[in-house]
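Asker: I need the structure of the sequence given here:
(chains A, B, C and D)
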There are 2 protein chains.
Amino acid sequence: MKAPAFRRIEPDARRLALIEACARVLARAGSAGVSVRAIAVEAGVSPGLVSHYFPGIEALVAATYAHVEGAVAETLDRAVEAAGPDPRARLDAFVTTTFAPTIADPQLLATWIAFWSLVTARPAIAAQHDEQYAGSRARLESLLGDCGMPPGEQRRAAIAVSALLDGLWLELCLSPGCFSAEEAGDIARRFLDTLISTGR
Amino acid sequence: MKAPAFRRIEPDARRLALIEACARVLARAGSAGVSVRAIAVEAGVSPGLVSHYFPGIEALVAATYAHVEGAVAETLDRAVEAAGPDPRARLDAFVTTTFAPTIADPQLLATWIAFWSLVTARPAIAAQHDEQYAGSRARLESLLGDCGMPPGEQRRAAIAVSALLDGLWLELCLSPGCFSAEEAGDIARRFLDTLISTGR
DNA sequence: TTGCTTGTTGGACGATCGTACAACAAGGCG
DNA sequence: CGCCTTGTTGTACGATCGTCCAACAAGCAA
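Answerer: Numbers count the residues shown, from 1 in each chain, chains lettered A, B, ... in the order given. Predicted coordinates for the structure are as follows:
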């Protein structure tokens, strides 16, 4: 009796396993340390399998970004739902969760940076970024609209809030000692106060 | 009579030439396309010379970031000076110039991304980022103080403004079609209005 | 059980990477 | 003019990269 040399699993599950392995490698070694072989070792498969499922590292990084971004969005959505019916409380939950340790994580940032490094040179990846950024902004517009913000102002406000959150999130990951997640949340919530209370 | 095979220049000038060549390679090929050989070709020197001046690519990228960041800071300072004595006009000039084509440039972003990708893994580079971020924030605190903001609020406000500018700058580079530089400037200036006018 | 489908292996291949070092020559000095 | 310092070259080296593909075997169907 011998143990199987490998396990056959359905393509979708294998793709997901490779994506998760890629995310772990990016978290550990950064965008410079990601390679077909490193991901294969991390996933416990042979190097050839990575090339069999993805035409190249770039495609795998793009798929990993899409997956991780989806997981982050899901976490945020769950936090918003858990906040109850009050629109402002839901918006605050969105902000607070953005800076929670699970999301404002330097290891997560590595996936973003690896993806950003491809945006400028690869048109297909630039299109993917446009799409995911638009989706994120739309979610924010919806939350702002629920707080009574007129539709005409939602787009601009969502751009502003998204930029502020992104900037705080980025620095929180890059220089964790400079300010705290609570401070970032306070800054963002105070900004939302001025956006929502004033009628402009 | 034969032309010289190469030119000897003083070490500081050679270092600068290599840094500028690195910036051009990063702008053209992104952080993935940067290598000792590519930089050597760009600078018109032999591959061995790069290793002779920098212990590795990472050190050269860090030096390039420091140099480019310094140039950006100088551009912003000049714009602030050119704005005249009015504190608020100086602050507005700072914002407007941040989104000017020279600075909000996808090619410049490549240098930032290459540097960011090293921050998490390399403590020395993390320290360099902390230092340059603190400097950028101090410059902003000074401009805010000139507008009458109490010292106790300057730190938090500088973090907020810096994050908003960074976030807008980042998206302006990554998705140039989503919103314009003028729109980004309007958003930032409006944010400054609420920060400065209100007494909190 | 036997056969077939196909997910998976694992090594070979050429290209490119960073590094090191001995040889060369440009430019200043005596 | 010839020597000396040293900035610079150019190559060789081993490691690692992404890609490819023939062979293998796991698991289902009959």
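
Asker: give the contact list for the spatially most central residue of chain A.
Answerer: Centroid check for chain A by Cα atoms, centre = their mean gives A:Glu69 as the closest residue, at 3.3 Å. Listed by Cβ atoms under 8 Å, 6 or more residues apart in numbering or on different chains, the contact set of A:Glu69 reads A:132, A:136. For every residue, glycine as well, the C-beta is placed using N, CA and C.

Asker: give me that answer again for 6 Å
Answerer: A:Gln132 (Cβ atoms under 6 Å, 6 or more residues apart in numbering or on different chains).

Asker: how about the strand or helix carrying A:Glu183 against chain B, any contact?
Answerer: If you go by DSSP states H and E, A:Glu183 is part of helix A:181-197. Yes. Among the residues of helix A:181-197, A:187, A:194 lie within reach of chain B under Cβ under 6 Å from any Cβ of the partner chain.

Asker: Buried residues, that helix. List them.
Answerer: Within helix A:181-197, the residues scored as buried using 16 or more other Cβ atoms under 10 Å in any protein chain shown are A:181, A:183-188, A:190-192, A:194-196.

Asker: Please identify the helix or strand for the residue nearest to the centre of chain A.
Answerer: helix A:57-82.

Asker: is DNA strand D contacted by that helix?
Answerer: Yes. Against DNA strand D, helix A:57-82 shows contacts by Cβ under 7 Å from any atom of the strand at A:Ile57.

Asker: From the chain's centroid, how far away is that helix?
Answerer: In this view, helix A:57-82 has its centroid 5 Å away from the chain centroid, taken as Cα atoms, centre = their mean, to the nearest Å.

Asker: mean confidence for that helix?
Answerer: Helix A:57-82 shows a mean pLDDT of 98.

Asker: Is it positioned near DNA strand C?
Answerer: No. If you take Cβ under 7 Å from any atom of the strand as the test, helix A:57-82 misses DNA strand C, and the best it gets is 13.4 Å.

Asker: Following element in sequence after that helix, please.
Answerer: helix A:87-98.

Asker: separation between A:Phe95 and DNA strand D?
Answerer: In this structure residue A:95 is Val, not Phe. 37 Å (Cβ to the nearest atom of the strand, to the nearest Å).

Asker: got the buried residues for whichever strand or helix holds A:Glu141?
Answerer: Following DSSP H and E, one finds A:Glu141 within helix A:123-146. Residues of helix A:123-146 classed as buried: A:125-126, A:128-130, A:132-133, A:136-137, A:139-141, A:143-145 (neighbour count, 16+ other Cβ under 10 Å).

Asker: Thought A:Ala158 was touching A:Leu140, still the case?
Answerer: Yes. Look at A:Leu140 against A:Ala158 with Cβ atoms under 6 Å: they come within range, at 4.3 Å.

Asker: For chain A, what lies in contact range of DNA strand C?
Answerer: A:5-11, A:14, A:44-49, A:52.

Asker: which residues does A:Arg78 contact?
Answerer: A:Arg78 touches nothing, counting by Cβ under 6 Å, 6+ apart.

Asker: Contacts for the helix holding A:Glu183 next, please.
Answerer: The contact list for helix A:181-197 (Cβ under 6 Å, 6+ apart) reads A:92, A:95-96, A:99, A:104, A:147, A:157, A:164, A:168, A:172, B:160, B:194.

Asker: That one: how far from the chain's middle?
Answerer: Relative to where its chain is centred, helix A:181-197 has its mean C-alpha point 21 Å off (Cα atoms, centre = their mean).

Asker: what angle do it and helix A:123-146 make?
Answerer: 60 degrees (axes from the mean of the first three to the mean of the last three Cα atoms, to 10 degrees).

Asker: For helix A:181-197, list the C-alpha coordinates in CSV.
Answerer: Listed in CSV are the C-alpha atoms of helix A:181-197, where the atom choice follows Å, rounded to 0.1, in the frame of the first residue of the first chain:
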residue,chain,number,x,y,z
ALA,A,181,-5.8,52.7,13.6
GLU,A,182,-8.0,54.5,16.1
GLU,A,183,-6.5,57.8,15.1
ALA,A,184,-7.1,57.0,11.4
GLY,A,185,-10.7,56.1,12.2
ASP,A,186,-11.2,59.4,14.0
ILE,A,187,-9.8,61.4,11.2
ALA,A,188,-12.0,59.7,8.6
ARG,A,189,-15.1,59.9,10.7
ARG,A,190,-14.5,63.6,11.4
PHE,A,191,-14.2,64.1,7.7
LEU,A,192,-17.5,62.3,7.1
ASP,A,193,-19.1,64.7,9.7
THR,A,194,-18.2,67.7,7.6
LEU,A,195,-19.2,66.0,4.4
ILE,A,196,-22.7,64.9,5.6
SER,A,197,-23.7,67.7,8.0
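
Asker: What mean pLDDT does that helix get?
Answerer: On average, helix A:181-197 scores 96.

Asker: do the same with stretch A:113-131
Answerer: In the prediction, stretch A:113-131 has an average pLDDT of 97.

Asker: Just give me the neighbour total for whichever residue of chain A sits closest to DNA strand C.
Answerer: Nearest residue of chain A to DNA strand C (Cβ to the nearest atom of the strand) works out as A:Gly48 at 2.2 Å. Using other Cβ atoms under 10 Å in any protein chain shown, A:Gly48 has 9 neighbouring residues.

Asker: what's the distance between it and A:Ala17?
Answerer: Distance of A:Gly48 to A:Ala17, given as Cβ to Cβ, to the nearest Å: 15 Å.

Asker: Repeat that for A:Ala82.
Answerer: From A:Ala82 to A:Ala17 the distance is 30 Å (Cβ to Cβ).

Asker: ditto for A:Gln154
Answerer: 39 Å.

Asker: Return the alpha-carbon coordinates of stretch A:165-180 using CSV.
Answerer: Output of stretch A:165-180 as CSV, limited to C-alpha atoms (Å, rounded to 0.1, in the frame of the first residue of the first chain):
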residue,chain,number,x,y,z
LEU,A,165,-9.2,56.1,3.4
ASP,A,166,-6.6,54.8,0.9
GLY,A,167,-4.1,57.3,2.0
LEU,A,168,-4.5,56.6,5.7
TRP,A,169,-4.6,52.9,5.0
LEU,A,170,-1.4,53.1,3.0
GLU,A,171,0.6,55.0,5.6
LEU,A,172,-0.8,52.9,8.4
CYS,A,173,0.7,49.9,6.6
LEU,A,174,4.0,51.5,5.7
SER,A,175,4.6,53.4,8.9
PRO,A,176,2.6,51.6,11.6
GLY,A,177,4.3,53.5,14.4
CYS,A,178,3.3,57.0,13.2
PHE,A,179,-0.3,57.0,14.0
SER,A,180,-2.8,54.4,15.3
